[in-house]
Each structure stands twice: as C-alpha cells, then as structure tokens.
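*Asks:* my questions concern the predicted model and sequence given below.
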Amino acid sequence: HFQIKPNKLQIWDPYFCKGTMVKHLADLGFHSVRNVNEDFYKVQQTGVPDHHVLLTNPPYSSDHLERCLTFCVESTKPCI
C-alpha cells in the first residue's frame, strides 16, 4: 500500500513499445510515468531513473523476461 497519491507516484516502465503507456496511465490518473525509447540494460549500468515502482510487460523473446526478473529481485523497489 503506497502512501503516495496516484498523480505523484513515479512509475518507470523500462520497456518501450509504441509509446502509449504514458497516455494510458495518465488516463488512469498517473502523471509521473517514465517510458522512453532507451536500452533498459544500459540504463541499469549508467543509473536507474528515480521511481517508486517499476511497472512493465517485458518482451518474452530472448532472455528479456529473465533479465527483468533478475533486476526486480535485486531491486529495493516494488515491481509489477
């Protein structure tokens, strides 16, 4: 349970697809969403952006799911 209001909750979706996630979440009242066309794995090396929760649907091809789950297990932030 978050003590942060939805419009202030910082959500990070590291897997960019068509770029519609920001709009969909804004329609639900979440206005602080990061979903940009960048390499999730390089970002892990250079510095993860500020966020309260990771919310994503990783690609199931290659080893993306396994790498995402590894990140989530090692993270101190909630991952959905």
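*Replies:* Everything's here; your move.
*Asks:* and the residue nearest to the spatial centre of the chain, what does it touch?
*Replies:* Nearest residue to the geometric centre of the chain (Cα atoms, centre = their mean): residue 13, 2.4 Å. Residue 13 makes contact with 21, 33, 34, 35, 54, 55, 56, according to Cβ atoms under 8 Å, 6 or more residues apart in numbering. C-beta here means a position set from N, CA and C on the backbone, and glycine is covered the same way.
*Asks:* farthest pair in these?
*Replies:* Farthest-apart pair in the contacts of residue 13 is 21 and 54; separation 12.3 Å (Cβ to Cβ).
*Asks:* which residue ranges of the chain form strands?
*Replies:* With DSSP state E, the ranges of strands along the chain come out as 10-12, 32-34, 53-54.
*Asks:* which secondary structure elements does the shortest one contact?
*Replies:* Packed against strand 53-54 by the contact rule (3 or more Cβ pairs under 8 Å, 6 or more residues apart in numbering; DSSP states H and E) you find strand 10-12.
*Asks:* on that earlier part again, nearest to residue 60, out of the strands of the chain?
*Replies:* Of the strands of the chain, nearest to residue 60 by Cβ to Cβ is strand 53-54, at 17.1 Å.
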